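Q: I'd like to go over a predicted model; first the sequence, then the structure.
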Protein chains: 2
Amino acid sequence: MVDFTNGPAPAGFLSPQRFEADIYDCEVEGAIPKDLNGAFVRVGGEWFYPPSRPDDSPFSTDGYISSFRIRDGIVDFRGRWVQTPRFRNNLEARKQLYGVYRNPFTHDDSVRDLERPYLATVANTSPLAFGGKLYALKEDAHPYEIDPNTLETLGPWDFDGQYKAQTFSAHPKIDPVSGDMICYGYEATGTCTDDLWIYTISPDGQVKSEVKVKVPYVSTLHDMVLTQKYFIFPVYGYVTSMERLREGHLHWAFDKNMPTYWGMVRRDGDGSDARWFKGPASVVMHTINAFDDGDKVIVDAPISDGNPFPFFPQVDGSPWDPVAARHTIRRLTFDMASSGDSYVEQILDPTDVVDLARVDDRFNSLPYRYVYSSMNDPEQPFDRDRAGNNRVVNSYFRYDLQTGEWRKFFAGDVHSLQEVSFIPRSANAPEGDGYLIGTASNYADMRTELVIVDAVEMEQLARVYLPFRHTAQVHGRWYNNQELPLADSPIPEYTGRRQT
Amino acid sequence: MVDFTNGPAPAGFLSPQRFEADIYDCEVEGAIPKDLNGAFVRVGGEWFYPPSRPDDSPFSTDGYISSFRIRDGIVDFRGRWVQTPRFRNNLEARKQLYGVYRNPFTHDDSVRDLERPYLATVANTSPLAFGGKLYALKEDAHPYEIDPNTLETLGPWDFDGQYKAQTFSAHPKIDPVSGDMICYGYEATGTCTDDLWIYTISPDGQVKSEVKVKVPYVSTLHDMVLTQKYFIFPVYGYVTSMERLREGHLHWAFDKNMPTYWGMVRRDGDGSDARWFKGPASVVMHTINAFDDGDKVIVDAPISDGNPFPFFPQVDGSPWDPVAARHTIRRLTFDMASSGDSYVEQILDPTDVVDLARVDDRFNSLPYRYVYSSMNDPEQPFDRDRAGNNRVVNSYFRYDLQTGEWRKFFAGDVHSLQEVSFIPRSANAPEGDGYLIGTASNYADMRTELVIVDAVEMEQLARVYLPFRHTAQVHGRWYNNQELPLADSPIPEYTGRRQT
């Protein structure tokens, strides 16, 4: 018996979704550009069964992948659960067998496996298209391969045994120069281990390099950033230990006294020359971009001074601080010619922004000009709950690093936006010439809407209406039909009798 | 491009649904009786593409079938489009090719077929389980067979060519004594024909009798009623003609000057002795039950004095009358020993009720005691829009024909109920000992809920929450696992790789 009446969200927009759905030929207002041929793929999580404890993190929700297939102005939607071993085990037991976030000690006896914590993954964080294949990612396990058309789960993938870390990031990077994927696993040899293993994989699935380093302390390595010379990793504030896990806690707690480290690992090295630069406490869940500038390395990211997640407790027992949780876009400068371990941190603009920024991916690891993200625009009418942890994200923005110009797109006064993705208008279009795409939660009509915006004019081109609310997204990405072998929006087959 | 922004319902609970969905192990509050093993099957319609004209009837919406599979306290939900030729043609054209309600002259050239109007059916009215098979029914075409587990459309069915009428009712009756199905088609030989063909079919699918009669005038024969001696058909108020259709109108208009006729056709005859009894104008879209009482025939039905459907115009151009549209439970008495053509009509209770009443089907065609239906209970708080055409149905009731007692179940102050279905507690339980089941639209949480109520105490036992609004129902019925070969709620198959 599945009973969510005691939470975590018994009713309202965020209450459990729990369904798989198909829509052919979605409802569209406006006109979708005819040159868009691809899919906007979202990975997120929903509680299929309620959490085993009320303090569990939403990061333990069951993985769900959905796709808006767009071609010739037409949109087809599909959503499916990611069939991880955990999801299957719960389905068979018809209840939640698993304990709290990434703590194998808290799982039910029938599924507890301290040696193979990755079997408890929920694959709920991010999509990845690489080498013509689609994956659902979570940082505690291998990628789960997904059929890009049916969204059927094909299973975990270790690149034919070449990828040896136990874990894989939700945020690998594709180098636009080489076409290679740079990916990594932290806690790479088991729960709470300080091993960070970094892989370079070619589009045909061959591991070209494996680099092993040790981290200064075991922390969330949720995202990385890349230049043409360096793999770069932020280590910050979240701490864990086997003792902590044995005591039954969630994997992470936040220690505001821990410094931030930035690891610089030469892409052409073996990891032995990794340098860790040290700075004040901060949180860098997601990065924006980085590039080499002579002997300097420039890193841009939305950074907060403190813990953005109220469900990860403070180690000192202090209450969660919503002000320290706010993000601004900051630029860090590392002087690789110096022998010191410090860096310069500059707030580029004091505006609060959402911690999910995108660039034109063709400029990943390279000098670039435009940042795209979302914000709660205080100039717009819908800014309820601004001070708290449930801020409403009503606008996309384009921030011009060259001129400091902000351009905004307001999504509606009853809408909250999820992560935006940038689509170049064509392979050779100049940086920033293209579209923005992402979903909006319409709280008034209790439905999810796909928003397509001109990324230069910041004006809406089309909006796709789903007939239901569909919150399941952590990250979403656009992949075109050259990145994924997408079917041409076929209508569903009919094999039944026909009347004459 | 699918654009509903101009209607018929651009937003809100009744806006287009347009999706197919699967939910394993639905969310349940309360406890579903363990003895329930079957499926609550609903057939209704949604606009897949917007109607070709704003004045079209909602009866033209595309057929959709959904099922709540219940077993061992567990509920699985599934919803699928009924893949009629019309639905397939629209999908292929990616637009609405069809004109207004049952008017072949208004269809697009590419699909207009005056000789085979049944190819334009939407199969959107009622489910039927018979002989171990499931069908979606609409009165303008043959049944569409549906796989009871996958809800896949298997195609139209004419009982191996034995069923020769072009049309089939949405309301066939199962005789609980013989086990036979009594079904019929009106306009049986083509659009606007006055042929009513009545069939008796055994559970193994063999046609046992075919009876052909002529109706006094061509009208909606939406429902019939059965006794052990008679097939009984009401003919009332709605009129049509080929001229009307050639002018581009919807199939029906309402003529308040037309009398009501009740046709009595002996089940053991050949139709030549059919008698038509005549009474004042009324509308009898649905019946409750009937039985023989010596030489008398008793017929119970929710009856209105006028047109319940605002989308079917009045022939005299007068405005739609919401007061004449209200239904009361009435008893008609026919004296078959008399030579006259009149009958006695008695309002059993003046309470307004919904025109969708059910009985314990084991007493169909037999003397019986209890009527189950829904109403807008004026004693309860949620009675907005009571006087208009959009009344809110907040309560089920049990009406005791023997004592006149009303027992009510209030479904909630933000809920509107759809048709209720009665489930006997066991095959041999006394009349009325069992459960009521049906869906409620929760306007506050924008979701559909399945309500299961003790039919004696009229108290809620369980409620199943769908995570979305799901309006698609005209009629819903409970079928147990002896009536349909239902799978035992399997979890979905997984054929992908497994990590070791």
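A: Right, received. Where do you want to start?
Q: Let me see the contact set for A:D158.
A: By Cβ atoms under 8 Å, 6 or more residues apart in numbering or on different chains, the contact set of A:D158 is A:142, A:164. For every residue, glycine as well, the C-beta is placed using N, CA and C.
Q: Quickly find the element holding it.
A: Element membership of A:D158 [criterion: DSSP states H and E] is none; it lies in no helix or strand.
Q: List the single closest residue to A:F77 in space, sequence neighbours excluded.
A: Spatial nearest neighbour of A:F77, chain neighbours left out: A:I23 (4.2 Å); criterion: Cβ to Cβ, 6 or more residues apart in numbering or on different chains.
Q: right, and the secondary structure at A:I437 would be what?
A: strand (DSSP: H, G, I helix; E, B strand; the rest coil).
Q: A:I65 contacts A:P127, doesn't it?
A: Yes: between A:I65 and A:P127 there is a contact at 6.7 Å, judged by Cβ atoms under 8 Å.
Q: Any regions of the stretch 1-150 of chain A where pLDDT drops low?
A: Applying pLDDT under 70 to the stretch 1-150 of chain A picks out no residues at all.
Q: mind redoing it with 90?
A: Applying pLDDT under 90 to the stretch 1-150 of chain A flags the ranges A:1-14.
Q: cool, and the stretch 301-450 of chain A?
A: Using pLDDT under 90, the stretch 301-450 of chain A drops low at A:322, A:376-393, A:412-415, A:443-445.
Q: how about the residues of it that lie near chain B?
A: A:444-447 (Cβ under 8 Å from any Cβ of the partner chain).
Q: rerun that using 6 Å as the cut-off
A: Selection of the stretch 301-450 of chain A residues close to chain B by Cβ under 6 Å from any Cβ of the partner chain yields A:445-446.
Q: mind listing the strands in the stretch 401-500 of chain A by residue range?
A: A:406-410, A:415-417, A:421-424, A:434-442, A:447-454, A:459-465, A:475-480 (DSSP state E, counting those that start in this stretch).
Q: Which of those strands sits closest to A:Y343?
A: Nearest of these to A:Y343, taken as Cβ to Cβ: strand A:406-410 at 26.0 Å.
Q: so that closest one versus strand A:447-454, what angle?
A: Using axes from the mean of the first three to the mean of the last three Cα atoms, to 10 degrees, the direction of strand A:406-410 lies 140 degrees away from that of strand A:447-454.
Q: Just checking: what are the partner strands of strand A:406-410?
A: strand A:395-400 (antiparallel) (DSSP bridges).
Q: overlap in contacts of A:I65 and A:P127?
A: Residues touching both A:I65 and A:P127 (Cβ atoms under 6 Å, 6 or more residues apart in numbering or on different chains) are A:V43.
Q: mind listing what the residue nearest to A:F77 touches?
A: Applying Cβ under 6 Å, 6+ apart, the residues contacting A:I23 are A:77, B:18-19.
Q: any idea how far A:R42 is from it?
A: 14 Å (Cβ to Cβ, to the nearest Å).
Q: before we move on, what about A:D293?
A: Taking Cβ to Cβ, one finds A:D293 at 34 Å from A:R42.
Q: Settle it for me: which of those two has more neighbours?
A: A:R42 (27 against 12; other Cβ atoms under 10 Å in any protein chain shown).
Q: can you list contacts of the helix or strand hosting the more buried one?
A: A:R42 is located in strand A:37-46, with elements delineated by DSSP H and E. The contact list for strand A:37-46 (Cβ under 6 Å, 6+ apart) reads A:17, A:61-69, A:71, A:122, A:124, A:126-127, A:136, A:437, A:472-474, A:476-481, A:486.
Q: and if you look at stretch A:127-147?
A: Under Cβ under 6 Å, 6+ apart, the answer for stretch A:127-147 is A:41, A:43, A:63, A:65, A:82, A:102, A:118, A:121, A:123-126, A:148, A:153-154, A:156-158, A:167-170, A:181, A:203, A:205, A:477, A:479, A:483-485.
Q: Of these, just the buried ones, PyMOL syntax please.
A: Buried residues within those, by 16 or more other Cβ atoms under 10 Å in any protein chain shown, are selected in PyMOL with:
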select buried, chain A and resi 41+43+63+65+82+102+118+121+123+124+125+126+148+153+154+156+157+158+167+168+169+170+181+205+477+479+483+484
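Q: Among the contacts of stretch A:127-147, which are located in strands?
A: In strands, defined here by DSSP state E, the members of these are A:41, A:43, A:63, A:65, A:126, A:153-154, A:156, A:181, A:477, A:479.
Q: okay, those in CSV with distance to A:S272 next?
A: Converted to CSV, the ones in strands among the contacts of stretch A:127-147 look like this (distance: Cβ to Cβ, whole Å):
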residue, distance to A:S272
A:V41, 38
A:V43, 35
A:G63, 36
A:I65, 39
A:S126, 30
A:T153, 39
A:L154, 37
A:P156, 31
A:M181, 23
A:R477, 34
A:Y479, 36
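Q: For the residue of the stretch 51-200 of chain A found nearest chain B, list each beta-bridge partner.
A: Closest residue of the stretch 51-200 of chain A to chain B, Cβ to the nearest Cβ: A:G155 (2.7 Å). Beta bridges link A:G155 to A:E145 when assigned by DSSP bridges.
Q: For it, the count of nearby residues, please.
A: Using other Cβ under 10 Å: A:G155 sits among 18 other residues.
Q: first to last residue in stretch A:44-55, what's the distance?
A: This stretch, stretch A:44-55, spans 19 Å end to end (Cα to Cα, to the nearest Å).
Q: State the distance from A:V456 to chain B.
A: Relative to chain B, A:V456 is positioned 24 Å away (Cβ to the nearest Cβ, to the nearest Å).
Q: Look at that residue and report its pLDDT.
A: Confidence at A:V456, expressed as pLDDT, is 98.
Q: Let me know the pLDDT of A:D295.
A: At A:D295, pLDDT is 97.
Q: How about the contacts made by the spatially closest residue to A:M1 that is not a sequence neighbour?
A: In space, and not counting its chain neighbours, A:M1 is closest to B:V28: 5.2 Å by Cβ to Cβ, 6+ apart. Contact partners of B:V28, counting by Cβ under 6 Å, 6+ apart, are A:1-2, B:462, B:464.
Q: List just the nearest of the residues you listed to B:G271.
A: The closest of the contacts of B:V28, once distances to B:G271 are taken by Cβ to Cβ, is B:V464, at 45.0 Å.
Q: I figured that closest one hits B:I452, correct?
A: No: contact criterion Cβ atoms under 6 Å: B:V464 and B:I452 do not qualify, at 7.7 Å.
Q: How many residues are close by A:T500?
A: Count around A:T500 with other Cβ under 10 Å applied: 6.
Q: Sorry, wrong one. I was asking about A:K133.
A: Neighbour number of A:K133 under other Cβ under 10 Å is 19.
Q: again, but for A:A31
A: A:A31: 12 neighbours (other Cβ under 10 Å).
Q: ditto for the one 3 residues further on
A: By other Cβ under 10 Å, 9 other residues sit near A:K34.
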